[in-house]
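Q: Fold the following and give me the result.
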Amino acid sequence: MVSLLHGVSVCVSTGCRVGAGTAGVSQECSCRCADVEMHRSNLSEAAAAFEVTVRDALNQAMDEELERDEKVFLLGEEVAQYDGAYKVSRGLWKKYGDKRIIDTPITEMGFAGIAVGAAMAGLRPICEFMTFNFSMQAIDQVINSAAKTYYMSAGQQSVPIVFRGPNGASAGVAAQHSQCFAAWYGHCPGLKVVSPWNSEDAKGLLKAAIRDDNPVVFLENELMYGVPFEMSEEAQSKDFTIPIGKAKVERQGTHVTLVTHSRYVGHCLDAAVVLSKEGIECEVINLRTIRPLDVDTIEASVMKTNHLVTVEGGWPQFGVGAEICARVMEGPAFNYLDAPATRVTGVDIPMPYAKILEDNSVPQIKDIILSIKKTLNV
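A: Have a look, this model is predicted:
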């Protein structure tokens, strides 16, 4: 179900915005609440690990870093009294006040520029975009002011800033709110680009990003905010970080390597479970970081499985998958391939609004399974 807060439709299950509505009216939720239930059911009941949603993991990371370093602050639209458009900053304004949790006007170019200037002055801003689609309003600040400064100053001027917010397809928010910018920002030298999947990824990578001395683009996924994952005792520590630039093998396999990031890690794992019943064992690599790309982990896996399938929600042309395929074909793993590398991507169109068209515009589990079988010729 959806409740309307300040005229904004908010999913009761996930806390995320799900499209326009009429204030004071409840309506059927158009977001993928079923994703939350699916991932909940996939968690092991026997496991003793603590469950934390991706939203709460991000909140923990910011809270711990704000507490650890007084130079860290958060700014963006509705991040303070409203607790964030997706409730990721819940409770931080009450704890740290107006000087460190700062609401901004709806002017991305302006507040991104303020954040970059603050970083150049020695602070560590976390700049939240309500969606990375809106980061296009601030692209000059992200690329020309943040990404290039360290190189242009011959290493004398660092810009320790994190640009974070939801990226990629959500649900029912159409073309101008659904684009994946992983390949866009991954193209730019001077940036690190991070794309977490689960709660441990979200917490460990965000803490590492905040501590980094140069700009990090941190691409979250709105549909994952409300999904709970088991979090290890180690990850619950305030000292927990995950190194940027290192991928993780989420599932071992021998027949095909699946390389993916963000929400599609879950899709690939689900596809692997289905195919395992047919005797096909998939190795699933969670990139975690788009730039720098962990080519070593990818190559080692391809040399073992002899097949490669990449999966992403972005457009096919000049995408993350295209770069991965090129790097494999240019390197030592090429001679180990028994079939051409295959890409599973979003469809090459702006995102439609209608749900049935939207569902057919981004990769589904069945699309991944079909591509794997085609690659293996089975």
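Q: Run through the strands of the stretch 151-300 of the chain in chain order.
A: 162-166, 192-194, 216-220, 228-231, 248-251, 256-260, 282-286, 289-291 (DSSP state E, counting those that start in this stretch).
Q: Poorly predicted segments of the stretch 1-150 of the chain, please.
A: By pLDDT under 70, the weakly predicted segments of the stretch 1-150 of the chain are 1-49.
Q: Go through the strands of the stretch 151-300 of the chain and pick out the most buried.
A: Sort the strands of the stretch 151-300 of the chain by mean neighbour count, taking mean count of other CB atoms under 10 Å, and strand 256-260 sits at the top with a mean of 30. For glycine as for every other residue, the C-beta is placed from the backbone atoms N, C-alpha and C.
Q: helices or strands next to it in the packing?
A: The helices and strands touching strand 256-260, judged by 3 or more CB pairs under 8 Å, 6 or more residues apart in numbering; DSSP states H and E, are helix 264-276, strand 282-286, helix 295-305, strand 308-311, helix 365-376.
Q: any chance of the strands of the stretch 151-300 of the chain in a markdown table, plus mean pLDDT and distance to Val362?
A: A markdown table is the format used below for those (pLDDT from 0 to 100; distance: least, CB to CB, whole Å):
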| stretch | mean pLDDT | distance to Val362 |
| --- | --- | --- |
| strand 162-166 | 98 | 15 |
| strand 192-194 | 99 | 20 |
| strand 216-220 | 99 | 15 |
| strand 228-231 | 96 | 21 |
| strand 248-251 | 98 | 20 |
| strand 256-260 | 99 | 13 |
| strand 282-286 | 99 | 18 |
| strand 289-291 | 98 | 18 |
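Q: for those strands, which one sits closest to Met329?
A: strand 256-260 (13.6 Å; CB to CB).
Q: Can you dump the C-alpha atoms of that closest one in PDB for me?
A: In PDB, the C-alpha atoms belonging to strand 256-260 read as follows (Å, rounded to 0.1, in the frame of the first residue of the first chain):
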ATOM      1  CA  VAL A 256      29.500 -19.900 -16.800                       C
ATOM      2  CA  THR A 257      30.600 -16.600 -15.200                       C
ATOM      3  CA  LEU A 258      27.800 -14.000 -14.600                       C
ATOM      4  CA  VAL A 259      29.200 -10.500 -13.900                       C
ATOM      5  CA  THR A 260      26.700  -8.000 -12.600                       C
END
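Q: Got the domain ranges for the chain?
A: Domain assignment of the chain by automatic domain parsing yields the ranges 2-48, 52-231, 248-376.
Q: Reformat the helices and strands packed on strand 256-260 as a markdown table; add distance to Tyr96.
A: Converted to a markdown table, those look like this (distance: least, CB to CB, whole Å):
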| stretch | distance to Tyr96 |
| --- | --- |
| helix 264-276 | 32 |
| strand 282-286 | 32 |
| helix 295-305 | 37 |
| strand 308-311 | 38 |
| helix 365-376 | 41 |
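Q: re the thing from before, can you say which of the domains of the chain is nearest to Lys238?
A: domain 52-231 (4.9 Å).
Q: Distance from the chain centre to that closest one, please.
A: 11 Å (CA atoms, centre = their mean, to the nearest Å).
Q: The chain should start at 28 in everything you say after this.
A: Got it, the first residue is 28 from now on, which makes the last one we talked about domain 79-258.
Q: Show the end-to-end separation of that domain, please.
A: Using CA to CA, to the nearest Å, the gap from the first to the last residue of domain 79-258 comes to 6 Å.
Q: one step back: for Ile269, find the nearest of the domains of the chain.
A: Ile269 lies closest to domain 79-258 among the domains of the chain, at 3.2 Å (CB to CB).
Q: Could you verify my assumption that Ala174 touches Pro242?
A: Yes - at 5.7 Å, Ala174 counts as touching Pro242 under the criterion of CB atoms under 8 Å.
Q: Overlap of the contact sets of the two?
A: Counting by CB atoms under 8 Å, 6 or more residues apart in numbering, the contacts common to Ala174 and Pro242 are 186, 217-218.
Q: are any of those buried, and which?
A: With neighbours counted by 16 or more other CB atoms under 10 Å, the shared contacts of Ala174 and Pro242 contain buried members at 186, 217-218.
Q: ok, those residues vs Met157, which is closest?
A: Leu218 (20.0 Å).
Q: Next up, the contacts around that closest one.
A: Leu218 touches 169-170, 173-174, 212, 242-244, 318, counting by CB under 8 Å, 6+ apart.
Q: nearest spatial neighbour of it, skipping sequence neighbours?
A: Setting aside the residues directly before and after it, Leu218 is nearest to Ala174 in space (CB to CB, 6 or more residues apart in numbering), at 4.8 Å.
Q: which helix is the longest one in the protein?
A: Among the segments of the chain that qualify as a helix by DSSP state H, the longest is helix 81-95.
Q: got the angle between that helix and strand 189-193?
A: Counting by axes from the mean of the first three to the mean of the last three CA atoms, to 10 degrees, helix 81-95 lies at 160 degrees to strand 189-193.
Q: CA atoms of helix 81-95 as CSV?
A: C-alpha atoms of helix 81-95 as CSV (Å, rounded to 0.1, in the frame of the first residue of the first chain):
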residue,chain,number,x,y,z
VAL,A,81,19.8,-1.7,2.7
ARG,A,82,18.3,1.6,3.9
ASP,A,83,19.3,1.0,7.5
ALA,A,84,22.8,-0.1,6.5
LEU,A,85,23.3,3.2,4.6
ASN,A,86,21.9,5.1,7.6
GLN,A,87,24.3,3.3,9.9
ALA,A,88,27.3,4.1,7.7
MET,A,89,26.5,7.8,7.6
ASP,A,90,25.7,7.9,11.3
GLU,A,91,29.0,6.2,12.2
GLU,A,92,31.0,8.4,9.9
LEU,A,93,29.3,11.6,11.1
GLU,A,94,30.1,10.5,14.7
ARG,A,95,33.7,9.6,13.8
